[in-house]
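can't give you the sequence, but here's the structure:
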């Protein structure tokens with residue numbers, strides 16, 4: 001099935017619950033986000049792991065962010081207005097049965113991953129999927145809303161991956177170099193499936209409407225060079241045009257799918273996203289969420 005044919009598969013999965021079980025129909029949030037300071041015309045210099053630590057420029061990327069106040073709008077009850085192909089993200093209604101521990105590798109491999117890959121195929125029309133990363137987040141950030149650890153919410157505005165990283169990421173999970181090269185000749189997307197483990201109150205995930213982003217001016221590559229390859233994500237600079245959204249009281253059966261890359265240059269969505277602080281819930285227990293990042297490959301049309 002081609003990507004365009006998959007649109008009709010989404011309708012039955014769209015969450016249309018008008019309330020979030022928190023007793024309110026709309027909860028827009030005035031908060032702050034951590035954006036990249038504009039790095040200038042040369043951009044961010046890459047970090048090369050092959051040179052001594054003392055010589056790495058911006059080795060820790062210190063003092064490269066700035067705080068901006070934004071309003072993140074609640075889309076509860078109007079999820080159908082936001083679509084995968086237009087805004088770059090989609091909230092769905094989809095439950096995974098039988099999981100008792102989202103950190104258990106056996107349950108991730110045998111239950112969560114197959115269900116998530118099946119969902120991605122249904123939504124995108126992909127014929128093959130390859131998971132390259134999964135992550136549980138269940139710890140608070142030690143320094144409030146500053147940078148995250150692997151298990152805490154990421155409070156820096158970013159995108160997950162750029163095109164130059166694809167070969168490196170695939171080689172980490174596919175040992176056959178020829179198979180990697182063959183897959184990269186096909187049309188593909190990179191998809192993030194982000195799901196609450198428990199209802200989200202503290203540190204929800206905000207997403208930026210792709211239509212409000214100027215990728216050529218707003219997104220800057222943050223590149224790491226290693227002996228195994230190149231890993232690069234995107235760090236956006238602030239724009240007054242950016243429009244931010246979230247789903248209040250997001251539940252475990254309301255996963256968020258968002259696009260991080262498309263090999264088709266005519267549909268180059270790489271969705272900007274970030275955790276944010278909702279002051280009403282800043283002192284609540286740490287957020288528990290699970291994300292799975294997936295390559296979705298398509299048959300030749």
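Looks like it arrived, so ask away. Just so you know, these numbers come straight off a predicted model, no measurement behind them.

what sits against the spatially closest residue to residue 256 that is not a sequence neighbour?
Nearest in space to residue 256, with sequence neighbours left out and distances taken as C-beta to C-beta, 6 or more residues apart in numbering, is residue 194 at 4.6 Å. Heads up, the C-betas are built off the backbone N, CA and C, glycines and all. Residue 194 makes contact with 205, 255-258, 289-291 under the criterion C-beta atoms under 8 Å, 6 or more residues apart in numbering.

how many neighbouring residues does residue 64 have?
A count of neighbours around residue 64, defined by other C-beta atoms under 10 Å, yields 18.

quick one: it and residue 155, what's the gap?
The spacing between residue 64 and residue 155, counted by C-beta to C-beta, to the nearest Å, is 14 Å.

and what of residue 244?
For residue 244, the distance to residue 155 under the criterion C-beta to C-beta works out to 14 Å.

what sits in contact with each of the two?
Going by C-beta under 8 Å, 6+ apart, residues that sit against residue 244 and also against residue 155 are residue 33.

helix or strand with the lowest mean pLDDT in the protein?
For the chain, scoring each helix and strand by mean pLDDT, DSSP states H and E identifies strand 47-48 as the least confident one, at a mean of 81.

Provide the strand pairings for that one, with the direction of each partner.
The strands that strand 47-48 pairs with in its sheet are strand 219-225 (parallel) (by DSSP bridges).

who touches the strand it pairs with?
When contacts are defined by C-beta under 8 Å, 6+ apart, strand 219-225 is touched by residues 36, 39, 43-44, 46-50, 61, 158-159, 162, 164, 213, 230-237, 270, 272.

please spell out the PyMOL selection for the buried subset of the residues you listed.
What follows is the PyMOL syntax for the buried subset of these, where burial is set by 16 or more other C-beta atoms under 10 Å:
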select buried, resi 36+39+44+46+47+158+159+162+213+230+231+232+233+234+235+236+237+270+272
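
hang on, isn't residue 177 packed against residue 167?
No. Here residue 177 lies out of contact with residue 167, judged by C-beta atoms under 8 Å, at a distance of 9.2 Å.

who's more crowded, those two?
Remark: of residue 177 and residue 167, residue 167 carries more neighbours, 16 against 11, as counted by other C-beta under 10 Å.

give the contact list for that one.
Residues near residue 167 by C-beta under 8 Å, 6+ apart: 180, 184, 229.

same thing with residue 74?
Contacts of residue 74 were listed using C-beta under 8 Å, 6+ apart, and they are 26-29, 245-248.

show the buried residues in those.
27, 29, 245-248.

just the contacts of residue 74 now: which is nearest residue 109?
Checking the contacts of residue 74 against residue 109 by C-beta to C-beta gives residue 247 as the nearest, at 27.9 Å.

name the nearest residue to the closest one, ignoring sequence neighbours.
Take residue 247 and drop its neighbours on the chain: the residue closest to it by C-beta to C-beta, 6+ apart is residue 91, 5.3 Å away.

hmm, back to that, look up how far residue 278 lies from the residue nearest to residue 256.
Residue 194 is 17 Å from residue 278, where distance means C-beta to C-beta.

quick one: the residue nearest the centre of the chain and residue 33, what's the gap?
Nearest to the centroid of the C-alpha atoms of the chain, with distances taken as C-alpha atoms, centre = their mean, sits residue 192, at 4.9 Å. Here residue 192 is placed at a distance of 18 Å from residue 33 (C-beta to C-beta).

mind checking the longest helix of this structure?
helix 113-124 (DSSP state H).
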